[in-house]
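[1] Build me a model from this:
(2 chains)
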Protein chains: 2
Amino acid sequence: MVPPNSNSPEGSSNCGREMELDRIAVIGSGNWGSVAARLAATNARRLPCFQDEVRVWVYEERLSTGELLSDVINMTQENVKYLPNVKLGPNVVADPNLESAVKNATMLVFVMPHQFIDETCEMLKGKIRPDAKAISLIKGMELRDEGPRLISREINDQLGIDCSVLMGANIANEIAVEQFSEATIGFKDDKETADKWVQVFGTPYFEVTPVQDVEGVELCGTLKNIVAIAAGLVDGLGMGNNTKAAIMRIGLREMIRFSKLMFPTVQDATFFESCGVADLITTCFGGRNRKVAEAFAKHGGKRSFDELEGELLNGQKLQGVLTAAEVSSFLKAKNWEESFPLFSSVHAIATGLLPPSAIVEYAELRKIVGTPELHV
Amino acid sequence: MVPPNSNSPEGSSNCGREMELDRIAVIGSGNWGSVAARLAATNARRLPCFQDEVRVWVYEERLSTGELLSDVINMTQENVKYLPNVKLGPNVVADPNLESAVKNATMLVFVMPHQFIDETCEMLKGKIRPDAKAISLIKGMELRDEGPRLISREINDQLGIDCSVLMGANIANEIAVEQFSEATIGFKDDKETADKWVQVFGTPYFEVTPVQDVEGVELCGTLKNIVAIAAGLVDGLGMGNNTKAAIMRIGLREMIRFSKLMFPTVQDATFFESCGVADLITTCFGGRNRKVAEAFAKHGGKRSFDELEGELLNGQKLQGVLTAAEVSSFLKAKNWEESFPLFSSVHAIATGLLPPSAIVEYAELRKIVGTPELHV
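    Sure thing, here's the model as predicted:
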């Protein structure tokens, strides 16, 4: 948990000991990346333990105006494409060159679509300080035969640096306008660095809590999307909040069960943090996964997710459908499907093997209580 | 947790051992009482271990038609006043006489507004079987200097019989039309009786799970209403799901913290059950407490809860406001307010000491993380 004052001005006294000021680099400049840069820039200006300048690596693109995105950000202090009308701060520098963006940085913030993380780590090899600390804000993982391939682990393995994660109920645009919300930082064993990350991101309107459970925190950010599909199906079936709450609860329990099976160190308490129950609520009442699943159920499953995604999300892929497919093929391989009826049903429904109504079919749900040895 | 088949037809084999068939009486015939009677009647017909007849004590009243409510229920099998258009079942008998309603009953279901429980127990003394088992579906408790006065304990003390509780995300009218939902039974130490209560209420569309934590389960049903007020304030302030989810999470943590302070035996896991997170979600997205609190915030706290209750609820009192008042005076007496900023803020806002916006004021919320010794 956050020690008192850790992300208040007084907290800055924590850095008295440091000989060298920390330098923050944000790797990625989409919607969430821009908000993360804005938070970090605010604290870099406010706290004496950080260098003022926060460099942001911009994946360069030419705007319809003919200008380069990085130039416009540096001229206007706004990411006009991904976070318009919000000032990032005078100390934010957009840099299209990855190597110079991370030069001398001691704190690296990874925030980009997860499919780009491999090549980005490749490009960073030999370019970063060996003593740099990393944090991943990236949601999404791949499941392989041997288990989930967490992005924090990927960064750790490829670059040989400690990597924490930041997850939680945070909708970038709401945080950009400083509406109160929270996040959870998952760290491995370095509490001092975790507290420093709290100083990088925490503000009076953005409460950040560190927990020593990097796997649990990161898995929340991915698995919740499967539950959001289930919640959207319930909405589309026109069922009440009662049923929706029940499905969300059953989904939360499968999230916990799955995470603990993958990593026995995962803590139940993690799921009471922002990354757990709070993010689940946000995702199941708003968000893309819920929305498309609702439409899917309304059409009685007659129109495919691919088709509806194309229509509602301009072809962008739904994280929840992909994750459900990965998780259920993993569960099939392990012969664990019966213990995860909700996860398994979501995939079966998405692929047309079961009708949308199966999401509340007792025959499916009762399997949950039929496997006591797996109870969380 | 529910053992496999415990509330499926096969489960009936569980009663093979019994010499005598159990007899169910439902004490109360409002909206929820009528739904409870309907569930019990279905299972009494279905399972061989129960006598078919389910007697329901009706607090007699004369309808606008001039007929007596109990007569109409017995003629039409419908509680035309509190659950119209739903058949209760051919084996439900409405009885305006409390003594004959509970005669020979071995399983007593208490379901009535909590202010009537004392006098009802008074009337029942000497009228019930000493070996009868009780279950309370009543939400609401009183807090006295010595701590919460749980209704299950009240029934246990006054009548000297074991009393479990049934709580959860259940909106009576949704269950009446057989929409899938769940409930949690909290029991003290008699697992066999708890499993029997699962047989009384469980159906394919109403999943009932017993947990050995009667205090935790009962407290959920009361404390959630304070959080629903907070959630309604957030809605009224026009904030996003992000903020609402954060407030609900912080509220859940105070529910856990308060319950454990009151009863050290309370389990974290209880709050992952239907009575915990699921009921909280249902109550914070629907329900009276949320609705009136939303209106209160929209009027900037200028119009009192009393006034708005009168307008929106025909003068019916809001459980959440009453509970917040009881809890906060209790916390004040113990000097524990700082550890429960959300509970305390709700009361301060409801009484006009703080503006509605205080519900998301960082200065309040950060106290939560400023008291590590109380972390759950």
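
[2] For residue A:53, grab phi and psi.
    Main-chain torsions, residue A:53, degrees, to the nearest 10: phi -70, psi 130.

[3] got a list of what it touches?
    A:23, A:44, A:91, A:93 (C-beta atoms under 8 Å, 6 or more residues apart in numbering or on different chains). All C-beta spots, glycine's among them, are computed from the backbone N, C-alpha and C.

[4] Spatially central residue for chain A, please.
    Among the residues of chain A, the one closest to the centroid is residue A:139, at 3.3 Å (C-alpha atoms, centre = their mean).

[5] Assign a three-state SS to the nearest residue to it once chain neighbours are set aside, would you?
    Spatial nearest neighbour of residue A:139, excluding adjacent residues (C-beta to C-beta, 6 or more residues apart in numbering or on different chains): residue A:221 at 4.0 Å. Secondary structure state of residue A:221, per DSSP: H, G, I helix; E, B strand; the rest coil, is helix.

[6] since we're on residue A:221, how many residues are nearby?
    26 (other C-beta atoms under 10 Å in any protein chain shown).

[7] Repeat that for residue A:75.
    11.

[8] Repeat that for the one 4 residues further on.
    Neighbours of residue A:79 under the rule other C-beta under 10 Å: 26.

[9] Please name the bridge partners of it.
    Note on residue A:79: beta-bridge partners by DSSP bridges are residue A:83.

[10] Quick check: it touching residue A:70?
    No. Counting by C-beta atoms under 8 Å, residue A:79 does not reach residue A:70; the two are 9.8 Å apart.

[11] how about CSV for the contacts of residue A:53, with neighbour count, distance to residue A:155 and secondary structure added?
    Shown next, in CSV, are the contacts of residue A:53 (neighbours: other C-beta atoms under 10 Å in any protein chain shown; distance: C-beta to C-beta, whole Å; DSSP: H, G, I helix; E, B strand; the rest coil):
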residue, neighbour count, distance to residue A:155, secondary structure
A:23, 21, 18, strand
A:44, 25, 22, helix
A:91, 19, 25, coil
A:93, 19, 23, strand
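
[12] tell me which of those is nearest to residue B:60?
    Closest to residue B:60 out of the contacts of residue A:53 is residue A:44 (72.0 Å), distances taken as C-beta to C-beta.

[13] any common contacting residues for residue A:79 and residue A:70?
    Residues touching both residue A:79 and residue A:70 (C-beta under 8 Å, 6+ apart): none.

[14] So which residues on the stretch 101-250 of chain A come close to chain B?
    Residues of the stretch 101-250 of chain A found near chain B (C-beta under 8 Å from any C-beta of the partner chain) are A:169-171, A:174-175, A:179-182, A:204-205, A:207, A:209, A:239-246, A:248-249.

[15] In contact with the residue nearest to residue A:139, which residues?
    Residues in contact with residue A:221 (C-beta under 8 Å, 6+ apart) are A:139-140, A:165, A:167, A:275, A:279.

[16] Please list all residues in contact with residue A:303.
    A:295-296 are the contacts of residue A:303 under C-beta under 8 Å, 6+ apart.

[17] Helix, strand, or coil at it?
    Criterion first, three-state DSSP; result for residue A:303: coil.

[18] Now the phi/psi pair for it, please.
    Dihedral angles (degrees, to the nearest 10) for residue A:303: phi -110, psi 130.

[19] hang on, residue A:51 in a strand?
    Yes. Assessed with three-state DSSP, residue A:51 lies in a strand.

[20] so it touches residue A:20, yeah?
    No. Using C-beta under 8 Å, residue A:51 is not in contact with residue A:20; the gap is 9.2 Å.

[21] Give me the more crowded residue out of the two.
    Between residue A:51 and residue A:20, counted using other C-beta under 10 Å, the more crowded position is residue A:51 (16 against 9).

[22] Just list the residues touching the more buried one, thanks.
    By C-beta under 8 Å, 6+ apart, residue A:51 lies in contact with A:21-24, A:44.

[23] And the furthest pair within the residues you listed?
    Largest pairwise distance in these, by C-beta to C-beta, is 10.1 Å, between A:21 and A:24.

[24] Overlap in contacts, these two.
    When C-beta under 8 Å, 6+ apart defines a contact, the residues bordering residue A:21 and residue A:24 alike are A:50-51.

[25] When the two are compared, which one has more neighbours?
    Applying other C-beta under 10 Å to residue A:21 and residue A:24 shows that residue A:24 carries more neighbours, namely 24 against 14.

[26] quick one: strands adjacent to the helix or strand where that one lies?
    Using DSSP states H and E, residue A:24 maps to strand A:22-27. Next to strand A:22-27 in the sheet, as set by DSSP bridges, lie strand A:50-57 (parallel), strand A:107-110 (parallel).

[27] Return the most buried member of these.
    Most buried of the strands paired with strand A:22-27, by mean neighbour count (mean count of other C-beta atoms under 10 Å in any protein chain shown): strand A:107-110, with a mean of 26.

[28] Doesn't residue A:38 lie inside a helix?
    Yes. Judged by three-state DSSP, residue A:38 forms part of a helix.

[29] Now do the strands in chain A.
    Assigned by DSSP state E, the strands in chain A fall at A:22-27, A:50-57, A:92-95, A:107-110, A:133-136, A:142-144, A:147-149, A:163-167, A:181-186, A:206-211.

[30] What's the local residue count around the residue nearest to residue A:361 when sequence neighbours are not counted?
    Excluding the flanking residues, the one nearest residue A:361 by C-beta to C-beta, 6+ apart is residue A:345, at 7.7 Å. A count of nearby residues for residue A:345, using other C-beta under 10 Å, gives 28.

[31] Verify the stated contact: residue A:345 with residue A:356.
    No. Checked against C-beta under 8 Å, the pair residue A:345 and residue A:356 is beyond contact range at 9.7 Å.

[32] Next, give phi and psi for the residue nearest to residue A:190 when sequence neighbours are not counted.
    Nearest residue to residue A:190, sequence neighbours excluded (C-beta to C-beta, 6+ apart): residue A:162, at 5.8 Å. The phi and psi values for residue A:162, taken as degrees, to the nearest 10, are phi -60, psi 130.

[33] related to what we said a few turns ago, and of the contacts of residue A:53, the nearest to chain B?
    Of all the contacts of residue A:53, residue A:44 has the smallest distance to chain B: 19.9 Å, by C-beta to the nearest C-beta.

[34] mind listing what the residue nearest to residue A:361 touches?
    Residues in contact with residue A:345 (C-beta under 8 Å, 6+ apart) are A:230, A:354, A:358-359, A:361, A:364.

[35] ditto for residue A:27
    With C-beta under 8 Å, 6+ apart, residue A:27 has these contacts: A:33, A:57, A:98, A:101-102, A:108-112, A:120, A:124.

[36] farthest-separated two in those residues?
    The most widely separated members of the contacts of residue A:27 are A:33 and A:124, with 15.7 Å between them, by C-beta to C-beta.

[37] And the two? Which one has more around it.
    Ranked by neighbour count (other C-beta under 10 Å), residue A:33 and residue A:124 place residue A:33 first, with 26 against 23.

[38] Local confidence estimate at the nearest residue to residue A:356 once chain neighbours are set aside?
    Leaving aside its sequence neighbours, residue A:356 sits nearest to residue A:297 (C-beta to C-beta, 6+ apart; 4.0 Å). The predicted structure scores residue A:297 at 96 on the pLDDT scale.

[39] just residue A:364 next, same as before
    49.

[40] shouldn't residue A:296 be in contact with residue A:308?
    Yes. The pair residue A:296 / residue A:308 is scored as a contact, 5.8 Å apart, by C-beta under 8 Å.

[41] Show me which of the two is the more surrounded one.
    With neighbours defined as other C-beta under 10 Å, residue A:296 and residue A:308 compare such that residue A:296 has more, 26 against 19.

[42] How about the contacts made by the more buried one?
    Contacts for residue A:296 were tallied using C-beta under 8 Å, 6+ apart; they are A:232-233, A:236, A:303, A:305, A:308, A:349-350, A:356.

[43] Buried only: go through these for me.
    Buried by 16 or more other C-beta atoms under 10 Å in any protein chain shown: A:232-233, A:236, A:305, A:308, A:349-350, A:356, out of the contacts of residue A:296.
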